[in-house]
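**Student:** using only what follows, build the 3D model:
(3 chains)
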Amino acid sequence: MSIVIWGLIKFIVVLLLISLYVLFMTWFDRKVLARMQNRVGPKLIGFHGLWQPLADGVKSIWKEDVMPGKAYKFMFWLAPVITITTAFAISFVIPFAPPVKTASGVVFHFSVVNLNVAILFVFAFLGLSSYGVLYAGISSGGSKYPFLGAQREGAQMISYEIVLALSLLNPILMSQSLNFETIVAAQTHHLWYAFYQPVAFVTYLIAMFAVAGKVPFDMPEAESEICCGYFVEYSGLKMGLYPFAQYVVVLVLSAIMVLMFLGGWNGPFWDGGFVAGFIWYWIKVAFFIFLFTWIWGTLPRYRYDQLMDIGWKILLPITVLNIFWTGFALTIGLPFF
Amino acid sequence: MSSSDIRTLELNMGPQHPSTHGVLRLVLQLNGEIIENTSPRVGYLHRGFEKMAENMSYQQFTPVTDRLSYVASMNNNLAYAIAVEKLLGVEDQIPERAQYIRVMVAELNRIASHLLWVATHALDIGAMTPYFYCFREREMIVDMFEEICGARLLYNYVRIGGVAKDITPRFMDLLKEFVKIFPDRHKEYNTLLTKNRIWLKRTKDVGVISAEDAINWGISGPALRGSGMEWDLRKKRPYAAYSELDFDVPNYPEGDVYARYLVRMDEMLQSIRILEQCIQKIPDGPVMMDDFKKITKPIKPPAGESYGYAENPTGELGFFIVSEGKNKPYRMKIRAPSFVHAYALPFMIKGSLLADVVAVIGSLDLVFGESDR
Amino acid sequence: MLDTKVVDSLKAKFKDSIVEVSESCGDSIIKVELSSLHDVLKFLHSDLSFDYLLFLTAVDYPKREGKRFDVVYQLRSTATFDEVRIKAEVADGEDVESASDIWGCAIGDECETYDMFGIKYINNSELRRAFMPDDWNGYPLRKEYPLKGDDFSDRYLDKYLPNGQRHKIEHTRMP
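**Tutor:** Predicted structure coming up:
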């Protein structure tokens, strides 16, 4: 019984925290971009515009909700729901802090569910999340930009989730676990996996941007080519759900990056229990979230075929070879493995 | 599935689209994302300038030319003034100081126009930041123009027979400061774009047009120089004070989007060179011919026709004026480079991807105030 | 000022069809017969290296006796920078052979001239109204077309607009 209650409490807390994170992430994005571009950014509402996201949220709720006349209504409604649900679902298996051993000897996990197959779960729902985009593209009543955007999203997700999964296979092989906390624990005794697997680290980093659909791989929503792609026909709150889900995915992918390759809550020094672990963990995650914004402000966008070339012709062979190498190294038992 | 079941997707790109720079409408036939066929439709900004010209006096039409390529109003004014002066046969009597001021404002506006072009072109390709960097310097130029003529976008400053007012000392101070800092700022854009891997991948070998094809399609200006033609009206047929100034004509033989980008980037530095010389050489004296000082005095050119042109940031802007000895033109045809470039688009983007269309449109610097007239 | 060589070789080739050679404001103007216009342009392009068509337009002379329009071609040689203006008289309703097989950029300008003057160009693959809507009535740059439009243009948008925004009768135009 207590498991259910605790699960529910965690569920609600994570839901609220992530919503809060997304709100202030938009503020952070705008502020950082503004600093990069000689601008001030939001400034008027609250301290340095801190309440700007709330104002935006209220505006988005009150906006007129337009639906194209020819849209498939059910699918049109369903699409953003799928996107947001899957994004949240992924975040439920991510630990938000190191586990704590309570006085009674029970380990308290700071994730909604501490799954043994957490990584499989993540991939299952990442795959599902692209359905939200595909549905949005198809159900927009024959509108062509959403259609092109959905096409791009479909191709991009298929090609880059393979790369993403194959890159993560290396740490999984090394730690022989699919559970995040076990993998982090494995890195406590070792060096971090990024040092064993620099290639997988880099391929994951690249694939991360593609799966999140962020610059330089924001093909599905390239606003200067296909006018925001799949969510052109959406408006109001429904349209707001797509960037919302994207921010959640950014958080989740950054967290996975840190958990799998950068030792989770292990720091290079000051290994002092829960507080130190918590701070280390979030410093690293925040860096990757910042990296997304940084790249956004710096780089142009790749072309669609170039994206496919990078995925299939460069990253995929490299990751496959890397898995062979990891297997070989583990089998013969190289000293550092 | 038989081949007859495969249909192309007809995509109506524009007139409201973030990267068609105003109101270009392209009807694209897409096979997947590959362009099979294109048909440009212009005219969404048609204001009937040629009809208006037939009902306006020569001086009245000068402010209308501002509205052609509204990012390079000074150059438009200059081209129009040259055409009318040619019709009147007074090209040689323009005061020397006015000629230098014309060169200065034209070059400043060329830099402003190119900056705006780099900004929007980069935005089209997905780089957001250069936009704001370019606008920082454009703002300085606009401030200078505000100092000499009070307007920030549509100047009406270069008039028939000279320029409207003399430049002020503060303008010269601002200009000297601008000339000093601009090369450093130019390096900033270079670091953001020129050697950027993604930028190179997006712009190299895209929208290639050879020099012969470019001439056949009437392409002019930086786009023609990007195809390897050393073709600059400022050098070939010097107008204003260009014959006394020393500058290079940058040209790159590749003929792709990147070459056009490099041409424009280099041209900005050449403009700075011209400005530096102008600051040194500018003589004293009147800035307007006495005959044209009174704006109410009608200009009545003799019956005849002239074609006057100038090298604009977008290309060759020409005015073909037919006069019948009255104070209004009988017929005025405006040779707008953007219009010609828009019709050359189908040739340049055939077989490329949808994302390249955006890059090629950007690289041609289409301004629809000019194209649609 | 044009090289006399160009005029001479033109005169040698098209003896009868050259109507007039004149000069205005330093620009050379050669007036030719409409029937041989396309051949003259082709000859200028291929043999005399006038490879750059600056523009192509028409001028309307409604009061002139004989044919109403002048079609004007401004050509330039990129090698020598010679410029020449070729003209031909066209009557209302008469077709002109398209120059789009000689210069690609003629397509756009011919569309424009067709739009503004109603001069039809045959063999232009994309001839349609360049600026005005396809179902527009009248040709704006003809001299008899009113400066501020006519009744048709006032009501043109009505079929696309909702009831409240349609053309209001009380709106008057200046004469």
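**Student:** OK, contacts around the residue of the stretch 201-337 of chain A found nearest chain B?
**Tutor:** Of all residues in the stretch 201-337 of chain A, the one sitting closest to chain B is residue A:301 (2.8 Å; Cβ to the nearest Cβ). C-beta here means a position set from N, CA and C on the backbone, and glycine is covered the same way. Contacts for residue A:301 (Cβ atoms under 8 Å, 6 or more residues apart in numbering or on different chains) come out as A:215-219, A:222, A:224, B:125-127, B:198, B:202, B:355.
**Student:** for the closest residue to it other than its chain neighbours, give me the pLDDT.
**Tutor:** Leaving aside its chain neighbours, residue A:301 sits nearest to residue B:126 (2.8 Å; criterion: Cβ to Cβ, 6 or more residues apart in numbering or on different chains). In the predicted model, residue B:126 carries a pLDDT score of 81.
**Student:** and if you look at residue B:105?
**Tutor:** 90.
**Student:** where's the one residue in the stretch 151-300 of chain B that gets nearest to chain C, which helix or strand?
**Tutor:** Per Cβ to the nearest Cβ, residue B:218 is where the stretch 151-300 of chain B lies closest to chain C, at 3.1 Å. Per DSSP states H and E: residue B:218 is located in neither a helix nor a strand.
**Student:** right, and the residue nearest to residue A:301 touches residue A:219 too?
**Tutor:** No. The pair residue B:126 / residue A:219 is not scored as a contact, 9.8 Å apart, by Cβ atoms under 8 Å.
**Student:** okay, now residue A:75: neighbour count?
**Tutor:** By the criterion of other Cβ atoms under 10 Å in any protein chain shown, residue A:75 has 15 neighbours.
**Student:** same question for residue A:327.
**Tutor:** Counted with other Cβ under 10 Å, residue A:327 comes out at 13.
**Student:** my read: it touches residue A:173, true?
**Tutor:** Yes. The pair residue A:327 / residue A:173 is scored as a contact, 6.7 Å apart, by Cβ under 8 Å.
**Student:** contacting residues for the nearest residue to residue B:341 once chain neighbours are set aside?
**Tutor:** Once flanking residues are discounted, residue B:341 sits nearest to residue B:364: 4.5 Å by Cβ to Cβ, 6+ apart. Residue B:364 is in contact with B:223, B:260, B:338, B:341-342, B:344-345, counting by Cβ under 8 Å, 6+ apart.
**Student:** distance of residue B:364 from residue A:306?
**Tutor:** Distance of residue B:364 to residue A:306, given as Cβ to Cβ, to the nearest Å: 22 Å.
**Student:** now do the SS call for the closest residue to chain C within the stretch 251-373 of chain B.
**Tutor:** For the stretch 251-373 of chain B and chain C, the shortest gap (Cβ to the nearest Cβ) falls at residue B:343, measuring 3.3 Å. Following DSSP: H, G, I helix; E, B strand; the rest coil, we place residue B:343 in the helix state.
**Student:** so what's it closest to, chain neighbours aside?
**Tutor:** Nearest one to residue B:343, counting by Cβ to Cβ, 6+ apart, is residue C:108 at 3.3 Å.
**Student:** pretty sure the one you found contacts residue B:337?
**Tutor:** No. Applying Cβ under 8 Å as the test, residue C:108 and residue B:337 come out as separate, 11.3 Å apart.
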